[in-house]
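Visitor: Here is a sequence with its predicted model. Questions after.
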Amino acid sequence: MSKRASIDPTYDVVIVGAGMAGLAAAKHLVAARRKVMVIDANSQPGGRVRSELIDGVTVDHGFQLLNPSYPEAQRMLNLKALNLREFTPGVRIRGSERAHNLIDPFRSPRALLNTIKSVPGSRLEQLKFAAYITDVAKGYGNHLQYRTDGTAHDALRAFDDITRDVLAPFLAGVLFDDSMTTSRRLVDVFLRSFVRGTPAVPATGMGEIAQQLSRGIPLSLNESAVRVTATTVTTNWRVLKARAVLIATDPHTAARLIPGLPTPHMRSGTTWWHRAPVPVAALNGGLPILTVDPQRRGPLVNTVVMNAAAPEYASTDQALIASTALGTGPFASAEISKHLSYLYEANTARWEVVAVQTMAQTVPAFPVGTPFRQPSRLENGIFIAGDHRDTPSLQGALVSGRRAAAAITHTLA
Ligand SMILES: Cc1cc2nc3c(=O)[nH]c(=O)nc-3n(C[C@H](O)[C@H](O)[C@H](O)COP(=O)(O)OP(=O)(O)OC[C@H]3O[C@@H](n4cnc5c(N)ncnc54)[C@H](O)[C@@H]3O)c2cc1C
């Protein structure tokens with residue numbers, strides 16, 4: 001095809017962005033026999049969910065996990081074919097004196113006694129928290145999304161010690177924010193998914209999710225939208241005409257393409273991938289458990305040995321460690337190395353950096369009062385999807401894609 005601007009045949013739908021939202025929408029539209037074209041500026045599909053092989057090890061885009069309890073993941077993905085590798089359902093708290101593991105006793109009854117001994121706070125506080133988490137876990141349907149909103153801090157203040165030592169450090173890594181000002185509705189929904197499912201990665205990396213979703217989808221990679229209307233997409237080399245246009249990019253690009261679209265504040269983060277010349281079993285007893293540091297003695301909010309969960313990520317005579325800090329730094333590598341040494345109680349002098357990922361956009365902020373669902377069709381007739389239109393997660397992005405596909409199908413009928 002010539003790189004001169006040319007008018008392409010008309011599609012039913014052109015989708016800009018092959019992240020989770022764009023791919024989910026495409027999947028639904030293709031199933032409904034619509035003529036679809038998905039374009040993406042990147043050289044591979046998946047957007048924020050992708051993996052690469054660096055020097056023989058699998059490196060995802062930041063430390064991210066798929067929670068198989070996400071209803072939309074169950075609907076859209078063949079979870080069995082992803083060969084999910086689970087992490088330990090709990091967290092390892094590195095306290096100033098020692099480290100201890102808090103493991104969900106319902107999924108690991110052997111951990112019951114240790115967990116009871118290790119949960120911080122008075123008995124009363126522990127009982128109040130148990131009641132809270134039971135209520136959240138039950139949280140049928142939309143019950144959690146419509147309860148009176150407030151900050152996560154307000155919702156969790158009744159269990160001060162547990163929040164300070166466990167929940168706040170854990171949530172900082174999930175939300176890429178440690179202010180605890182996120183909407184308690186979102187936090188409740190996330191806590192529910194952690195109680196209901198054990199987070200995991202596909203054996204060959206998070207990118208496998210995008211590979212699976214994109215099968216059978218007409219996809220044009222390395223193609224960027226520069227201008228859009230309700231029926232055209234002008235890219236870096238052609239003009240695509242369609243009966244409907246869906247923008248499924250990250251929120252900042254969406255706002256560039258659709259002037260006036262409100263943009264959420266995006267959280268940022270930095271992830272280091274280290275290779276340690278020790279067997280996997282040498283760190284945390286070989287347990288694939290997320291370590292957090294309530295006292296924040298360094299920049300990292302969490303760290304985990306990836307190939308303790310997914311041996312396919314790297315060979316077992318070396319440990320592959322993913323560690324994340326909030327923000328984009330700059331961070332001194334000596335500071336990271338020192339913090340890792342504290343967190344793992346190990347000598348990190350010979351740990352080698354495989355990759356450092358500075359991510360200006362991780363997930364949209366979700367302050368108090370943010371609606372769980374925002375319209376899929378804008379006043380100008382352009383359709384929109386992405387995690388910024390639902391919840392900031394794989395689940396949210398997939399749902400937004402389904403909702404946009406339904407709105408398009410309805411309009412084109
Ligand atoms: C480090 C990190 C950790 C995370 N951890 C988790 C986790 O553990 N669990 C969880 O559920 N979620 C997690 N998330 C969030 C999750 O990855 C996102 O919510 C989800 O992937 C967003 O998908 P999306 O389709 O909305 O957007 P994106 O993935 O951003 O997709 C947008 C696509 O649009 C393309 N694009 C942009 N501009 C153009 C253009 N001009 N023309 C054509 N194409 C364009 C991009 O290349 C991209 O492919 C994490 C995210 C990050 C970054």
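Guide: Structure's in. What do you need?
Visitor: tell me which residues in the helix or strand harbouring residue 402 are buried?
Guide: If you go by DSSP states H and E, residue 402 is part of helix 394-412. Buried residues in helix 394-412, defined by neighbour count with 16 or more other C-beta atoms under 10 Å: 394-405, 407-409. Glycine gets a C-beta too; all of them are placed from N, C-alpha and C.
Visitor: I'd guess residue 343 is in a helix, am I close?
Guide: Yes. Counting by DSSP: H, G, I helix; E, B strand; the rest coil, residue 343 is found in a helix.
Visitor: burial of it, as a residue count?
Guide: When neighbours are counted by other C-beta atoms under 10 Å, residue 343 registers 24.
Visitor: In contact with it, which residues?
Guide: By C-beta atoms under 8 Å, 6 or more residues apart in numbering, the contact list for residue 343 reads 94, 291, 293, 298, 300, 303, 323.
Visitor: where's the closest residue in space to residue 277 that isn't next to it in sequence relative to residue 13, distance?
Guide: Computed as C-beta to C-beta, 6 or more residues apart in numbering, the closest residue to residue 277 that is not its neighbour in sequence is residue 350, at 5.5 Å. Separation of residue 350 from residue 13 (C-beta to C-beta, to the nearest Å): 52 Å.
Visitor: which one of these two has more residues nearby?
Guide: More crowded of residue 350 and residue 13, by other C-beta under 10 Å: residue 13, with 25 against 9.
Visitor: wouldn't the more buried one be in contact with residue 248 here?
Guide: No. Contact criterion C-beta atoms under 8 Å: residue 13 and residue 248 do not qualify, at 10.8 Å.
Visitor: Overlap in contacts, those two.
Guide: If you check residue 13 and residue 248 against C-beta under 8 Å, 6+ apart, no residue is contacted by both.
Visitor: moving C-terminal of the worst-scoring helix or strand of the chain on mean pLDDT, what's the next helix or strand?
Guide: Within the chain, judged by mean pLDDT, DSSP states H and E, the helix or strand with the poorest mean is helix 112-118; its value is a mean of 64. Using DSSP H and E, the helix or strand that follows helix 112-118 towards the C-terminus is helix 123-138.
Visitor: any residue of stretch 292-302 up close to the ligand?
Guide: No. Stretch 292-302 lies out of reach of the ligand by C-beta under 6 Å from any ligand atom, never closer than 10.8 Å.
Visitor: From residue 199, how far out is the residue nearest to residue 64 when sequence neighbours are not counted?
Guide: In space, and not counting its chain neighbours, residue 64 is closest to residue 206: 5.7 Å by C-beta to C-beta, 6+ apart. Taking C-beta to C-beta as the measure, residue 206 falls 11 Å from residue 199.
Visitor: out of the two, which sits in the more crowded spot?
Guide: Set side by side, residue 206 and residue 199 show more neighbours around residue 206, with 24 against 21, by other C-beta under 10 Å.
Visitor: Just list the residues touching that one, thanks.
Guide: Contacts of residue 206 by C-beta under 8 Å, 6+ apart are 46, 49-51, 60-61, 64-66.
Visitor: and if we set it to 7 Å?
Guide: For residue 206, the contact set (C-beta atoms under 7 Å, 6 or more residues apart in numbering) comprises 49, 51, 60, 64, 66.
Visitor: Check the contact between the second one and residue 201; I expect there is one.
Guide: No. The pair residue 51 and residue 201 fails to qualify as a contact (C-beta atoms under 7 Å) at a distance of 9.0 Å.
Visitor: Give me the more crowded residue out of these two.
Guide: More crowded of residue 51 and residue 201, by other C-beta under 10 Å: residue 201, with 28 against 23.
Visitor: Pretty sure that one sits in a strand.
Guide: Yes. Judged by three-state DSSP, residue 201 forms part of a strand.
Visitor: measure it to residue 288 for me?
Guide: Residue 201 is 10 Å from residue 288, by C-beta to C-beta.
Visitor: Quick check: neighbours shared by these two?
Guide: Counting by C-beta under 7 Å, 6+ apart, the residues touching both residue 201 and residue 288 are residue 309.
Visitor: Go through the contacts of residue 206 and flag which are in strands.
Guide: 51, 60 (DSSP state E).
Visitor: need the residues of the chain near the ligand, please.
Guide: Proximity of the chain to the ligand (C-beta under 6 Å from any ligand atom) is limited to residues 16-22, 39-42, 47-49, 61-62, 64-65, 224-225, 248-250, 253, 269, 359, 362-363, 386-387, 392-395, 397.
Visitor: Could you pick out the buried ones from those?
Guide: For the residues of the chain next to the ligand, buried by 16+ other C-beta under 10 Å: 16-22, 39-41, 47-49, 61-62, 64-65, 225, 248-250, 253, 269, 359, 362-363, 386-387, 392-395, 397.
Visitor: And the helix holding residue 402, how far out from the chain middle?
Guide: Taking C-alpha atoms, centre = their mean, to the nearest Å, the mean C-alpha location of helix 394-412 is offset from the chain mean by 19 Å.
Visitor: Which other helices and strands does it contact?
Guide: Where contact means 3 or more C-beta pairs under 7 Å, 6 or more residues apart in numbering; DSSP states H and E, helix 394-412 is packed against helix 20-31, helix 71-76, strand 239-247, strand 383-384.
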